[in-house]
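Asker: just to be clear, the model below is a prediction. Sequence and coordinates:
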Amino acid sequence: MLFPSFTFILGFLPITFLGYFLLGKFSRSAARIFLLIASGIFYSWFNPSYFLILGGSIIVNYFLARILWKKHQKAVFIIGVLLNIALLGYFKYCDFFISNINYALKLSIPFTHILLPLGISFFTFQQISFLHAVYSGELKHRYTFSTYALFVSFFPQLIAGPIVLPDEMMVQFDHPDNLKINAENCAKGLFVFALGLAKKILLADFLAEIADAGFAAAQVNFISAWTTTLAYTFQIYFDFSGYCDMAIGIGLLFNIRLPENFHAPYLSGSITEFWRRWHITLGRFLMNYIYIPLGGSKKSHAVTCGNLMITFLVSGLWHGASWLFVLWGAMHGAASVIHRLWSKIFKLKMPDFPAKLITFFFVASAWVLFRAENLAQARKIYKGMFSPDSWGHFTFSRNFLWLLAGALIIIFVPPATSRIDSFRSTKINAFIAIGLLVSMFFFVKTSPFIYFNF
């Protein structure tokens, strides 16, 4: 079930909203169970077998947490982390490893063709963070199973994040005001949801047509290669930003404040700043559980640079079981190392505008590896971008207008989620009406969110 669909907006969401708050008038437990069931239905809508994987994972991790609450046993914590990684590795990377073993050893081990459960990368990381919080003593309160299950499976953030932490979410589910309809939260939530819906339907899905055509083309010239690259650069921006807005908006309807996960990343003045703005909660997880445990920046510059490379390689592999994603992560890791050498060792600083321009075009160029289906396709786009056989002819076409509209919005329109507390109801109501009504006319073009693949 997709957020931008008639089934979700006209059916699932209003039924879940009304059922949750009506039951909340009589019983907190009944309301919580209802929301858990609704989240299960939402997740199972894609494939009923997914729910067995999610449910089994929740039960096992909560059982391990109960042991850790009684006694902080390192062995239990390690077992929990390994079980989560094994689950993720089996479903997401099994065929990837088989293909590489077959290639390296000239074998013909058959592929498993396992269907990747949606959101497994997200709920796996959340449960690892929960076990760590319990083991380290950061999470001293012993939450009930239903609170934990909601922390993992709450439907607005289940499929594609944000990757939330226990201490920022579980306390909200237990708050006494959670079961009362909050008119202000509803107004703000609908406003942010409408903006996210408009980004997805009116921008991302149209830009996808341009990008898909370019990547599928047999040949590209300089103009078409850059048009394709920028189209995908803007598509993934509005696709992910739209999802984040919708997730935060839906959360507010239920009085749950999800953390900001996206903050104008294309206006960043360095690759380091970019990763503080793009998929913020993933960057936070990798910082806390990969980069810092490796030693972070407390050791020599050489070790720090090595830690950065390892962290970004993990980030690339997390995004997908493909060497293209590993190469994409390596590009960002190398850029981060160069930026560190530039700023920390040589103490150099670039003026703001060229720094932002260079960062943007580096990120856009790296997206080619992220989007390409194979290395040959990526090589074709790069050849057109940087060693063109022909320049092509520039025309003021529909493609140019979409790219121009995307660029202007990115530059001049600040993120809605960063200004949500300052919105006024009159403005909110106007944007809700316009955003929802206009976007709903384009539902026939709806496609899954890009981050559903991860």
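Answerer: Structure received.
Asker: every contact and neighbour count from this point should use C-alpha atoms.
Answerer: Fine.
Asker: and for Trp278, the neighbour number?
Answerer: 20 (other C-alpha atoms under 10 Å).
Asker: beta partners of it?
Answerer: Beta-bridge partners recorded for Trp278 (DSSP bridges): Phe262.
Asker: who touches it in this structure?
Answerer: Neighbouring residues of Trp278 by C-alpha atoms under 8 Å, 6 or more residues apart in numbering: 261-265.
Asker: that one and Pro265, how far apart?
Answerer: 5 Å (C-alpha to C-alpha, to the nearest Å).
Asker: what do you get for Thr446?
Answerer: The value you get for Thr446 to Pro265, if C-alpha to C-alpha is used, is 24 Å.
Asker: so between the two, which is more surrounded?
Answerer: Legend: neighbour count by other C-alpha under 10 Å for Thr446 and Pro265, higher for Pro265 (22 against 18).
Asker: that one reaches Thr272, doesn't it?
Answerer: No. Counting by C-alpha atoms under 8 Å, Pro265 does not reach Thr272; the two are 10.4 Å apart.
Asker: which parts of the stretch 1-150 of the chain are helices?
Answerer: Secondary structure of the stretch 1-150 of the chain by DSSP state H, counting those that start in this stretch: the helices cover 6-7, 13-24, 28-44, 48-70, 74-105, 120-136, 145-153.
Asker: quick one: closest of these to Phe400.
Answerer: Phe400 lies closest, by C-alpha to C-alpha, to one member of the helices of the stretch 1-150 of the chain: helix 6-7, at 30.6 Å.
Asker: sorry, back to before: between the helices of the stretch 1-150 of the chain, which gets nearest to Ala376?
Answerer: Here helix 74-105 is closest among the helices of the stretch 1-150 of the chain (C-alpha to C-alpha), at 17.7 Å.
Asker: from the chain's centre, how far out does that closest one sit?
Answerer: Distance of helix 74-105 from the chain centroid (C-alpha atoms, centre = their mean, to the nearest Å) equals 21 Å.
Asker: just stretch 401-412 next, same as before
Answerer: Its chain's C-alpha centre and that of stretch 401-412 lie 22 Å apart, by C-alpha atoms, centre = their mean.
Asker: go on, stretch 107-124?
Answerer: Average the C-alpha atoms of stretch 107-124, do the same for its chain, and the two points are 19 Å apart (C-alpha atoms, centre = their mean).
Asker: does Leu158 touch Thr124 like I think?
Answerer: No. Between Leu158 and Thr124 there is no contact under C-alpha under 8 Å: 10.6 Å.
Asker: coming back round to it: and which of the contacts of Trp278 is nearest to Ser387?
Answerer: Nearest to Ser387 among those, with distances taken as C-alpha to C-alpha, is Pro265, at 27.9 Å.
Asker: and the closest one, what does it touch?
Answerer: 273-278.
Asker: only the buried subset of the residues you listed, as a ChimeraX command please.
Answerer: Selecting the buried subset of the contacts of Pro265 in ChimeraX, with 16 or more other C-alpha atoms under 10 Å as the burial test, is done by:
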select :274,275,276,277,278
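Asker: which pair in the contacts of Pro265 spans the largest distance?
Answerer: Across the contacts of Pro265 (C-alpha to C-alpha), the longest gap, 8.8 Å, separates Glu273 and Trp278.
Asker: which residue, neighbours along the chain excluded, lies closest to Gln235?
Answerer: Counting by C-alpha to C-alpha, 6 or more residues apart in numbering, Ala204 is the residue found nearest to Gln235 once chain neighbours are left out, at 4.4 Å.
Asker: same question but for Leu324, I mixed them up
Answerer: Among residues not flanking Leu324 along the chain, Leu369 sits closest, at 5.5 Å (C-alpha to C-alpha, 6+ apart).
Asker: gap between the two ends of stretch 413-420?
Answerer: 14 Å.
Asker: how about that stretch: buried residues?
Answerer: 415-417, 420.
Asker: list of residues touching that stretch?
Answerer: Residues from elsewhere that reach stretch 413-420 (C-alpha under 8 Å, 6+ apart): 188, 192, 195, 245, 248, 260, 263-264.
Asker: switch the cut-off to 7 Å
Answerer: Contacts to stretch 413-420, defined as C-alpha atoms under 7 Å, 6 or more residues apart in numbering, come from residues 188, 192, 245, 260, 263-264.
Asker: that stretch: how far from the chain's middle?
Answerer: 18 Å.
Asker: do stretch 339-358 as well
Answerer: 27 Å.
Asker: dump it to CSV, keeping only the CA atoms.
Answerer: What follows is stretch 339-358 as a C-alpha-only set of coordinates in CSV (Å, rounded to 0.1, in the frame of the first residue of the first chain):
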residue,chain,number,x,y,z
HIS,A,339,37.3,17.2,2.3
ARG,A,340,38.9,16.3,5.6
LEU,A,341,42.4,16.6,4.2
TRP,A,342,41.4,19.9,2.6
SER,A,343,39.9,21.4,5.8
LYS,A,344,41.6,19.7,8.7
ILE,A,345,45.2,19.3,7.5
PHE,A,346,45.7,22.0,4.9
LYS,A,347,43.3,24.4,6.7
LEU,A,348,41.8,25.6,3.4
LYS,A,349,38.3,27.0,2.9
MET,A,350,36.5,27.5,-0.4
PRO,A,351,34.1,30.4,-0.9
ASP,A,352,30.5,29.4,-0.3
PHE,A,353,29.1,29.5,-3.8
PRO,A,354,31.7,27.4,-5.6
ALA,A,355,31.8,25.0,-2.7
LYS,A,356,28.0,24.4,-3.0
LEU,A,357,28.3,24.1,-6.8
ILE,A,358,31.1,21.6,-6.7
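Asker: in a markdown table: the buried residues of stretch 413-420, plus secondary structure, pLDDT and distance to Met169.
Answerer: Compiled in a markdown table, the buried residues of stretch 413-420 are given as follows (DSSP: H, G, I helix; E, B strand; the rest coil; pLDDT from 0 to 100; distance: C-alpha to C-alpha, whole Å):
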| residue | secondary structure | pLDDT | distance to Met169 |
| --- | --- | --- | --- |
| Pro415 | coil | 79 | 22 |
| Ala416 | helix | 74 | 21 |
| Thr417 | helix | 72 | 17 |
| Ile420 | helix | 75 | 19 |
